[in-house]
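*Asks:* sequence-free structure coming up:
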């Protein structure tokens, strides 16, 4: 079977499955957040959003940037350009579990006290243990999703999820939350966090079992002549720029929530967190695209087929951007109504922030998969520098405007910082990789995307 036919088949089957699972995850997450907002007081919802943000940071630090490195190595192995797949996966799992234990212990011993003081939220100290355990389980879950994506198993990757809440643990968490409220009434903040830890751990254990079964069927020859210590050192050498990049990207994306927590009250945190969760829905189309195309980027770049790579990336960005535009228009016109309907009357005050942040998210989708392209083609350090600069701009900007302009000022500063980030990523992708990834305002983009996998019918 030709490369074009294989890529076409993977675009179709992978894209369809990624779309279905991401939509299912979207619905589950949407229902979970809506239920949480109606079961907990706004102040407790604000603390939960801060806890979720802390878990996300913990999984990034504990993950050591290894996820995308392993994804790339496994994808390259499938083209015959790499070897030692079991060794790489095993080394990555050991390193990540060690990192997760260290980060979790640090949070329990030191971090909980500091964040409780920083956000004036004593509740974060009282739930230190379940939050730390949630970090460990979430770190393993994220790495497993990247490993399965590299193996070409998009079905399992998207079911596990590429963030700290995916379809598997999200569905379990929603069921547990509703079950708890039916049996014992409205849950406490601590109960909600224990639910998230438990369901994430169950999903991670299930993913680990599936991975072990998958590796047992791999050829034994791929493990020959590979030293575990050397593999670990090579992985860490490749991953540390991604660790810095992911950390900078976290602060670029979530510093605004932290700034709200530091300078404003927990009710504002709840409102802003609710707004962010609706805004993230606009990025779902690009997330689906990135899940499908990430291993293809590594393969096509290794093969030198840049023309086909650019065609795929610009075409998928056009489709994703069109869908995001429709969502943004809905937010701009009906933002207050949506917030009230989903979360309750208290949250309608975030309508203007929703429109502003939605505009920034639309730009991020329109530039396409430029960030993941830099990473999957070995330009991790360039991506790291861009995220560091844009993250610094975002943090400083939001801190300067928080007290005087409130949620609207913070949202405006965030939009500027993220626009800077995405424009720089787009430019550097063109300069270093030689392709554009941005959407094009032409129906021809969709036509050319069809051409990529038209050979599937031939």
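*Replies:* Good, I have the coordinates. Source: prediction; values computed, not measured.

*Asks:* mean confidence score for the longest helix seen in the chain?
*Replies:* If you go by DSSP state H, the chain has its longest helix at helix 380-432. Per-residue pLDDT values across helix 380-432 average out to 89.

*Asks:* number of residues surrounding the residue lying closest to residue 93 once chain neighbours are set aside?
*Replies:* Once flanking residues are discounted, residue 93 sits nearest to residue 143: 6.9 Å by Cβ to Cβ, 6 or more residues apart in numbering. Backbone N, C-alpha and C define where each C-beta goes, glycine included. Each residue near residue 143 was counted by other Cβ atoms under 10 Å, and the total is 30.

*Asks:* check which helix or strand residue 143 maps to.
*Replies:* If you go by DSSP states H and E, residue 143 is part of helix 128-150.

*Asks:* can you name the next helix or strand after that helix?
*Replies:* Next along the chain from helix 128-150, counting by DSSP H and E, comes helix 154-160.

*Asks:* who are the packing partners of that following helix?
*Replies:* helix 3-39, helix 128-150, helix 167-184, helix 189-216, helix 284-303 (3 or more Cβ pairs under 8 Å, 6 or more residues apart in numbering; DSSP states H and E).

*Asks:* packed most tightly, which of these would that be?
*Replies:* Among those, ranked by average contacts under mean count of other Cβ atoms under 10 Å, first place goes to helix 128-150 (a mean of 25).

*Asks:* pLDDT on it, on average?
*Replies:* For helix 128-150, mean pLDDT rounds to 87.

*Asks:* distance from it to the middle of the chain?
*Replies:* The chain centroid and the centroid of helix 128-150 are separated by 12 Å under Cα atoms, centre = their mean, to the nearest Å.

*Asks:* next: stretch 313-331.
*Replies:* With Cα atoms, centre = their mean, you get 18 Å for stretch 313-331.

*Asks:* contacts for that stretch?
*Replies:* 278-279, 281-283, 285-286, 288-289, 292-293, 297, 338, 354-355, 358-359, 361-362, 365-369, 373, 435-442, 445-446, 448-449, 452 (Cβ atoms under 8 Å, 6 or more residues apart in numbering).

*Asks:* so who does residue 395 touch?
*Replies:* By Cβ under 8 Å, 6+ apart, the neighbours of residue 395 are 251-252, 255, 259.

*Asks:* which pair of those spans the longest distance?
*Replies:* Spatial extent of the contacts of residue 395 (Cβ to Cβ) is set by the pair 252 and 259 at 12.2 Å.

*Asks:* mind picking the lowest-pLDDT entry from the contacts of residue 395?
*Replies:* For pLDDT, the smallest value among the contacts of residue 395 belongs to residue 252: 73.

*Asks:* so which helix or strand takes in it?
*Replies:* Applying DSSP H and E, one finds residue 252 within helix 228-263.

*Asks:* so which elements touch that helix?
*Replies:* Helix 228-263 packs on helix 42-63, helix 66-77, helix 85-106, helix 266-281, helix 380-432, going by 3+ Cβ pairs under 8 Å, 6+ apart.

*Asks:* generate a PyMOL selection restricted to the buried subset of the contacts of residue 395.
*Replies:* Restricted to buried positions by 16 or more other Cβ atoms under 10 Å, the PyMOL selection for the contacts of residue 395 reads:
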select buried, resi 251+252+255+259
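
*Asks:* can I get the contacts of residue 395 in TSV with distance to residue 44?
*Replies:* Formatted as TSV, the contacts of residue 395 follow (distance: Cβ to Cβ, whole Å):
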residue	distance to residue 44
251	25
252	27
255	22
259	20
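
*Asks:* from the contacts of residue 395, which is closest to residue 307?
*Replies:* residue 252 (31.9 Å).

*Asks:* which stretches of the stretch 51-200 of the chain have low pLDDT?
*Replies:* Regions of the stretch 51-200 of the chain meeting the criterion pLDDT under 70 cover residues 75-84, 161-165.

*Asks:* next up, the contacts around the nearest residue to residue 247 once chain neighbours are set aside.
*Replies:* For residue 247, ignoring the flanking residues on the chain, the nearest one in space by Cβ to Cβ, 6+ apart is residue 60 at 5.8 Å. By Cβ under 8 Å, 6+ apart, the residues touching residue 60 are 243, 246-247, 250.
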